[in-house]
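Undergrad: Sequence first, predicted model second:
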Amino acid sequence: MGQFKYVTNRTLQNKAGELKGKIRVLVKADSDTAEVDYVCPECENGEHAEQEWKKPFSIKCSKCGGAIKLRKLKDEIKKDKKKR
Ligand SMILES: [Zn+2]
């Protein structure tokens, strides 16, 4: 992964199950700060934010206050293996 220790790019479902949001998280190799770009799936507010990196990671939408969560890493790894 080079200069990043964690990178993800995902689409997000809202409570109605529609894929309206997305999130990108970057954590530099020498940092514990996550750089986040998201579009909230509930209110479609787009924003850039920085927050302490920890797992499980979640961030609060600054507009509607909804929690945006990343799913467990294990699930993601399993999915990646199936693709190959
Ligand atoms: Zn929102």
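TA: Structure's in. What do you need?
Undergrad: For the residue lying closest to residue 9 once chain neighbours are set aside, give the beta-bridge partners.
TA: With CB to CB, 6 or more residues apart in numbering as the measure, residue 24 is the residue that lies nearest to residue 9, at 4.8 Å, once sequence neighbours are left out. Where you see a C-beta, it was placed from the backbone N, CA and C, and this is true even at glycine. In this structure, residue 24 bridges to residue 9, residue 37 when assessed by DSSP bridges.
Undergrad: Am I right that residue 24 is in contact with residue 34?
TA: No: with the criterion set as CB atoms under 8 Å, residue 24 and residue 34 do not qualify as a contacting pair; they are 10.1 Å apart.
Undergrad: Residue numbers of this protein in contact with the ion?
TA: Taking CB under 5 Å from the ion as the criterion, the chain approaches the ion at residues 40, 42-43, 45, 61, 63-64, 66.
Undergrad: Tell me the buried residues within these.
TA: 40, 42, 61, 66 (16 or more other CB atoms under 10 Å).
Undergrad: Any chance of a markdown table for those, columns distance to residue 20, secondary structure and pLDDT?
TA: Formatted as a markdown table, these follow (distance: CB to CB, whole Å; DSSP: H, G, I helix; E, B strand; the rest coil; pLDDT from 0 to 100):
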| residue | distance to residue 20 | secondary structure | pLDDT |
| --- | --- | --- | --- |
| 40 | 8 | coil | 97 |
| 42 | 8 | coil | 97 |
| 61 | 12 | coil | 97 |
| 66 | 12 | coil | 95 |
